[in-house]
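**Student:** Task: produce atomic coordinates for the following.
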Amino acid sequence: MVGLRDHVPVSEQLVDAGKLLDKYYIIARYPNGFASGAPKDYFSKHEAQDAISSARAIIRFCQDNLA
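**Tutor:** Numbers count the residues shown, from 1 in each chain. Purely as a prediction, here's the structure:
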């Protein structure tokens, strides 16, 4: 199986950024992702900032490698 790393170098930091975003994908996206309350009740400002930083790093990587 051929993966992205077979074509461009991908840092562990970038892989970790993707893993962080994976954890938030479903539960934060849907209002019923938690047994009770809204997603905003379960995530801190720091976690949100980490997710935004991770997303920006991935977008930057994509822009740099798709040009």
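
**Student:** What are the contacting residues of the top helix by length along the chain?
**Tutor:** Longest helix in the chain by number of residues (criterion: DSSP state H): helix 45-66. Here helix 45-66 makes contact (Cβ atoms under 8 Å, 6 or more residues apart in numbering) with 8, 10, 13-14, 16-18, 20-21, 24. Glycine gets a C-beta too; all of them are placed from N, C-alpha and C.

**Student:** list the buried ones in it?
**Tutor:** 50-51, 54, 57, 61 (16 or more other Cβ atoms under 10 Å).

**Student:** Present those residues as CSV; the columns should include pLDDT and distance to A67.
**Tutor:** Converted to CSV, those look like this (pLDDT from 0 to 100; distance: Cβ to Cβ, whole Å):
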residue, pLDDT, distance to A67
D50, 96, 27
A51, 95, 25
S54, 98, 21
A57, 97, 16
F61, 95, 11
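
**Student:** Which one of those is nearest to Y42?
**Tutor:** A51 (12.6 Å; Cβ to Cβ).

**Student:** before we move on, the earlier item: which of the buried residues of helix 45-66 sits closest to L4?
**Tutor:** F61 (9.8 Å).

**Student:** about what we covered before: buried subset of the contacts of helix 45-66, written for ChimeraX?
**Tutor:** In ChimeraX, a selection of the buried entries from those looks like this (16+ other Cβ under 10 Å):
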select :14,17,21,24
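
**Student:** out of the contacts of helix 45-66, which are inside helices?
**Tutor:** The helices, defined by DSSP H, take in 13-14, 16-18, 20-21, 24 from the contacts of helix 45-66.

**Student:** Looking at the residues you listed, which has the smallest pLDDT value?
**Tutor:** Lowest-confidence member of the ones in helices among the contacts of helix 45-66: Y24, scoring 86 (pLDDT).

**Student:** Grab the nearest non-local neighbour of it.
**Tutor:** Excluding its sequence neighbours, the residue lying closest to Y24 (Cβ to Cβ, 6 or more residues apart in numbering) is A51, at 5.7 Å.

**Student:** circling back to that earlier point, dump the ones in helices among the contacts of helix 45-66 to TSV, plus distance to F43.
**Tutor:** Listed next are the ones in helices among the contacts of helix 45-66 as TSV, based on distance: Cβ to Cβ, whole Å:
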residue	distance to F43
Q13	22
L14	22
D16	18
A17	17
G18	18
L20	12
L21	13
Y24	8
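
**Student:** I am finished for the moment; much appreciated.
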